[in-house]
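In: sequence first, predicted model second:
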Amino acid sequence: MNKLIRFIPLILVLALGVVLYRGLSLNPQDMPSALVGKPIPSFSLPTLNNAERIVSAQDLTGEIVLLNVWATWCPTCKYEHPYLVDIAKKSELKLYGLNYKDERNAAQEWLTHYEDPYVFSIFDEIGTLGLDLGVYGAPETFVIDHHGIIRKRFAGAIDTRVWRTEFEPLIAQIIAERKQGE
């Protein structure tokens, strides 16, 4: 019996190694969201450019919407930004920003410097809406259909490949569903 006790640490290390090795094969962009298929959470927050203008979930309904979570402290957001500008120019979709846990002046300067692709950015200074959405960090992008239902959550940067493979098929599907419902 005493001989077996000596092997317990080895067995625990091996078990931990198996769990960690399994984690390496997981795709962080496939992180599940409990909100997919549910309405966007209700909120009441100011816009980034006008602290007096309060917006809510109602402002994100009626059309297919991309809600992009971004921040000036996020280096991946800087990489993603030119693609978002391109999407805003070439697409009929409405692109809204969620400025997450950021400083208002820094975020305003950032959008002035890099170009503002958003209809407006919601200013989520302390991260309340981000928490309600289950945001792990920036960037993340949500596809919200015309009924205000979250159809997709994507963690990571959007680029041409991601846009074509992850977003375009879903958006085409939502457009087709909308036309069938008319």
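Out: Sure, I can see it. Numbers count the residues shown, from 1 in each chain.

In: where do the strands sit along the chain?
Out: 44-46, 54-56, 65-70, 94-100, 121-124, 140-144, 150-155 (DSSP state E).

In: could these go into TSV alongside mean neighbour count and mean pLDDT?
Out: Just so you know, the C-beta spots here come from the backbone N, C-alpha and C atoms, and that holds for glycine as well. Listed next are the strands of the chain as TSV, based on neighbours: other C-beta atoms under 10 Å; pLDDT from 0 to 100:
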stretch	mean neighbour count	mean pLDDT
strand 44-46	15	98
strand 54-56	15	98
strand 65-70	25	98
strand 94-100	25	97
strand 121-124	24	98
strand 140-144	23	97
strand 150-155	20	96
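
In: just checking, which helix or strand of the protein averages the lowest pLDDT?
Out: helix 8-24 (a mean of 58; mean pLDDT, DSSP states H and E).

In: mind saving the C-alpha coords of stretch 46-56 as PDB?
Out: Extracted C-alpha coordinates of stretch 46-56, given in PDB (Å, rounded to 0.1, in the frame of the first residue of the first chain):
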ATOM      1  CA  PRO A  46     -24.300  56.800 -23.100                       C
ATOM      2  CA  THR A  47     -22.700  56.900 -26.500                       C
ATOM      3  CA  LEU A  48     -19.000  57.500 -26.700                       C
ATOM      4  CA  ASN A  49     -19.200  60.800 -28.500                       C
ATOM      5  CA  ASN A  50     -22.100  62.300 -26.600                       C
ATOM      6  CA  ALA A  51     -22.400  61.500 -22.900                       C
ATOM      7  CA  GLU A  52     -25.900  63.100 -22.900                       C
ATOM      8  CA  ARG A  53     -27.300  60.600 -25.600                       C
ATOM      9  CA  ILE A  54     -28.400  57.500 -23.800                       C
ATOM     10  CA  VAL A  55     -29.000  54.400 -26.000                       C
ATOM     11  CA  SER A  56     -30.600  51.000 -25.200                       C
END
